[in-house]
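Enquirer: Attaching a predicted model along with its sequence, questions to come.
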Amino acid sequence: MSSILASLEDLETQLDEALAHEPAGLPGAVLAEAVERQVRIRNKFAALDAGLAGAFDASKEWMANGSRSAAAWIVTAGRERKCVADRRVRLGKALRGMPVVWAAFGVPMSASPTSGCAVSMTAPSSPPPPPSASGSPATSAG
């Protein structure tokens, strides 16, 4: 099994475990920290989602069953609304050409309480590699 598939399977199992916890009745401080972590996870998942959709589009694997586009395949296989699938693929395609944006996509962002709506970014220890035009992660030449 591909490492990405194993990682997604583990992620799904962990998500099922998290969903088994009842948040009602937890102390406010625990809920606040849980919400903060969930936001970071959601942002990272959005980066993963866009990367996978863009790479899948570039792979042309969606053509194997006669689909007219990656988004059409996602609608059928994933039972998603067309507008959602279109948006996922469009974002993935766009990110393939924007490696700096791609690297920052899954990075946690925090609003400074003293700066109103200003957002500061903290660099990750190792940003995700941008997807290449072929859909596979890019490698650096030097």
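Expert: Done, it's in.
Enquirer: just checking, what packs against the host helix or strand of residue 51?
Expert: In the assignment (DSSP states H and E), residue 51 maps to helix 28-59. Helices and strands in packing contact with helix 28-59 are listed as helix 70-78, helix 82-96, helix 99-105; criterion 3 or more CB pairs under 8 Å, 6 or more residues apart in numbering; DSSP states H and E. For the C-beta atoms, the positions are set from N, CA and C on the backbone; glycine is no exception.
Enquirer: if we go to 10 Å?
Expert: Helices and strands touching helix 28-59, as assessed by 3 or more CB pairs under 10 Å, 6 or more residues apart in numbering; DSSP states H and E, comprise helix 3-19, helix 70-78, helix 82-96, helix 99-105, strand 109-111.
Enquirer: can you give me how far it is from the chain middle?
Expert: Computed by CA atoms, centre = their mean, to the nearest Å, the separation of helix 28-59 from the middle of its chain amounts to 5 Å.
Enquirer: got the contact list for the nearest residue to residue 56 once chain neighbours are set aside?
Expert: Residue nearest to residue 56 in three dimensions, not counting chain neighbours: residue 70, with 5.4 Å by CB to CB, 6 or more residues apart in numbering. Residues in contact with residue 70 (CB atoms under 10 Å, 6 or more residues apart in numbering) are 53-63, 85-86, 88-89, 92-93.
Enquirer: With residue 30 instead?
Expert: For residue 30, the contacting residues are residue 23, taking CB under 10 Å, 6+ apart as the criterion.
Enquirer: do that again at 7 Å, thanks
Expert: Contacts for residue 30 (CB atoms under 7 Å, 6 or more residues apart in numbering) come out as none.
Enquirer: now do residue 20
Expert: With contact taken as CB under 7 Å, 6+ apart, residue 20 is in contact with no other residue.
Enquirer: May I have the phi/psi pair for it?
Expert: Reported as degrees, to the nearest 10, the phi and psi values for residue 20 are phi -70, psi -20.
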